[in-house]
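Peer 1: Take a look and give me a structure for this.
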Amino acid sequence: MREISKIIFSGDDKVAHFAAKELKKYLIMITNNEFNIDFEGNEVGEAINCFRIGLFKDFQIESLNQDNNSHFDDEIYINVHKGKGIISGVNPRSILLAVYRFLTEAGCRWVRPGIEGELIPRKDLSNISVHLQEKPSYRHRGICIEGAVSLENVLDTISWLPKVGLNSYFIQFREAYTFFERWYNHTYNPQKKSEQFSIEKAKEFMKEIEGEIVKRGLIYHGVGHGWTCDPLGIPGLSWEAVKGEYSPEVTQFFAQVKGERKMQDDIPLNLNLCYSNPKVREIMVNSVLDYLSINKNIDILHFWLADGFNTQCECENCIKEIPTDFYIQILNELDKVLTENNINTKIVFLLYYDLLWTPQNNHIENPDRFIMMFAPITRTYTHSFKEDSDDADICVQAYERNNLKLPSSIGENIAFLKKWKKEFSGDSFDFDYHFMWDHFYDPGYVAISNTIYEDVRNLKGIGLNGLISCQCQRAFLPTGLGIYIMAKTLWKDEIDSNEITEDYFKSTFGQNWDKCFSILSTLSELFTPQYLRGELTMVDEKISDKFSQIKEVCREYGKLIEENKERGQVCHNKSWQYLYYHKEICLRLAEILKFRVLDNFEMTTKLWEELKVYLQVNEDNIQPVFDLYEFKQTFEVMNRFVLKR
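Peer 2: Numbering: from 1, shown residues only. Below you'll find the model as predicted:
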């Protein structure tokens, strides 16, 4: 007969109740014991011969930081001795984070989203003791939806976030239609039949996704794109061009560029407006008010302008001030309207394209309403953030309307941020793209993992309180090392990267993890990410020699995979099996690059088409870990360096 143990939980908070159920589920898997969740009055009391979970106040636990924001700041306390004790958090979400942290210390690992990424140990309850109290290094720790996704991909991601210490999820757009449409309509894969995905279906998905976010108490970021088109009745669903005729009643609000008020590239998301026009600002502000009046679950609303540059209005009134001045006007007007309507939602404003330049005449009047988001989309990932970067004190160039020269170096980007930190001293975070496109330039994923580790460690030094990663949800082939390191370093920025790397590879692959890491490190070096980023000379025989070496590395890689693909637990088996496809991708990509670097464009194109067909045929085998849509988009649209002369 199995022993029955208790998990005692008081109160009626749904997030804390979910935390108790998660603790029960995993403890049963670990110990093979039975557990009951019992409810007591308002006081949890001391932990005697059981687990007790609750808030700090239930146990009179003193916080490490008396300035905690009860909703956005996390802190955990665990005092468990031989399978009995207290698991607590400063707020309900922190209780859930504390549960997963306790389970992690007990030996559980979640190396990628989904049940096949779980590694659950077997041990006796009496052998589990954990004692710690921690506050994360950074407030903002999350992921933003991108790429092509199924509903299951998103739900698995949301479930995974708190297991590795992340606390936020950002759903771009009002209904995230474009990300689902790419998958269900199988854009870029003619081998699969389109499922004719609809906006209505996307809205159904949103309700389910929001429910999972709320269930875990995650900080819910929303929208961002579309505030320059949706308020005018022009749907902003994606980055695709939309041919359309617009009435003068609408076009009167468009930015005037080269004497015309029109949709510059037929992409509604890239539409800028005539921001000096008070009616434009009023329409935008009222649209936000209407949206937040209905969507009450959103904790942080992103209010962005057009997702493009060099299309700012040139009318006689707009040229009197730079776009950021009008942006600040809108933000101040928005704050007043939300305050009048008792809406306390935080608003994110961003530093991006034209908005990298600080305002000259206007200033944010209520900093507590706003969070500043640094989005250095044109940066290099060859180097990491450094507070003392050699060119960090570089002078920011003067703003030149519709003739922007955007920063690429780390120093140039930080120079813009430094000016903004003097302008705005409130809450802020980095919004970055390590796993949006750049991870495809590093097929071993080791170099990009080192970059994000250093980036996160240096966020405090450049004045930012965390990171929201704008990324493919399916960025786990060959591994999820970089995302895992990101999560762990956001929690504890003093963590040793070698220790977390070893722990991750052992958990992911089991036996022969070290040989796997060695091969992936070699692949990262040989693929020369700087070349794929277009930062090196196109034609270079020395780099060609590197690409030629990859074939031999992959031969050893293949032997290692065959020896290990059936060993260990399900998590290990699946990890090795995924590597078979990764090895094949590396072989084919290396051949493409070998010809490209020698300027044999005909063979480059031929082999690229063959690689695409291979990925299309095998997409279902790697769907949870590899985003075919974004892989193709990266090389054919975002960075055509490899595929053009």
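
Peer 1: Remind me which helix or strand Gly85 belongs to.
Peer 2: strand 84-89 (DSSP states H and E).

Peer 1: And this structure, what are its domain boundaries?
Peer 2: For the chain, automatic domain parsing gives the domain ranges 4-134, 140-238+272-506, 508-638.

Peer 1: end to end, how far does the second one reach?
Peer 2: Okay, so that is domain 140-238+272-506. Counting by CA to CA, to the nearest Å, you get 28 Å between the two ends of domain 140-238+272-506.

Peer 1: isn't Arg122 right up against Asn32?
Peer 2: Yes - look at Arg122 against Asn32 with CB atoms under 8 Å: they come within range, at 7.4 Å. C-beta here means a position set from N, CA and C on the backbone, and glycine is covered the same way.

Peer 1: Where does pLDDT dip in the protein?
Peer 2: The model of the chain has pLDDT under 70 over residues 1-3, 40-48, 66-70, 388-393, 645.

Peer 1: Who are the packing partners of the strand holding Gly85?
Peer 2: On a contact count with 3 or more CB pairs under 8 Å, 6 or more residues apart in numbering; DSSP states H and E, strand 84-89 meets strand 51-55, helix 56-59, strand 76-81, helix 92-105.

Peer 1: residues making contact with it?
Peer 2: Residues outside strand 84-89 that contact it (CB atoms under 8 Å, 6 or more residues apart in numbering): 23, 46-56, 58-59, 61, 74-80, 95-99, 102.

Peer 1: Kindly recompute the last result at 7 Å.
Peer 2: Strand 84-89 is contacted from outside by 47, 49-56, 59, 61, 75-80, 95, 97-99, 102, using CB atoms under 7 Å, 6 or more residues apart in numbering.

Peer 1: C-alpha coordinates for that strand, PDB please?
Peer 2: The C-alpha trace of strand 84-89 is given here as PDB (Å, rounded to 0.1, in the frame of the first residue of the first chain):
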ATOM      1  CA  LYS A  84       8.100  18.100   4.700                       C
ATOM      2  CA  GLY A  85       8.000  21.800   4.900                       C
ATOM      3  CA  ILE A  86       7.000  25.100   3.400                       C
ATOM      4  CA  ILE A  87       6.900  26.300  -0.200                       C
ATOM      5  CA  SER A  88       6.000  30.000  -0.500                       C
ATOM      6  CA  GLY A  89       5.900  33.000  -2.800                       C
END
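
Peer 1: Just want to know which of Arg122 and Asn32 has more residues nearby.
Peer 2: Asn32 (13 against 9; other CB atoms under 10 Å).

Peer 1: how many neighbours does the residue lying closest to Val288 once chain neighbours are set aside have?
Peer 2: Leaving aside its sequence neighbours, Val288 sits nearest to Leu334 (CB to CB, 6 or more residues apart in numbering; 5.8 Å). By other CB under 10 Å, 24 other residues sit near Leu334.

Peer 1: So Leu334 sits against Asn286, correct?
Peer 2: No - contact criterion CB atoms under 7 Å: Leu334 and Asn286 do not qualify, at 9.5 Å.

Peer 1: hmm, who's touching the helix or strand containing Phe349?
Peer 2: Secondary-structure assignment from DSSP H and E places Phe349 in strand 346-351. Contacts with strand 346-351, where a contact means CB under 7 Å, 6+ apart, come from 299-304, 327, 331, 334, 369-375, 416-417, 420.

Peer 1: Take those and keep only those in helices.
Peer 2: In this view, those that belong to helices under DSSP state H are Tyr327, Leu331, Leu334, Phe416, Leu417, Trp420.

Peer 1: quick one: which of those residues is nearest Asp455?
Peer 2: Checking the ones in helices among the contacts of strand 346-351 against Asp455 with CB to CB, the nearest one is Leu417 at 13.0 Å.
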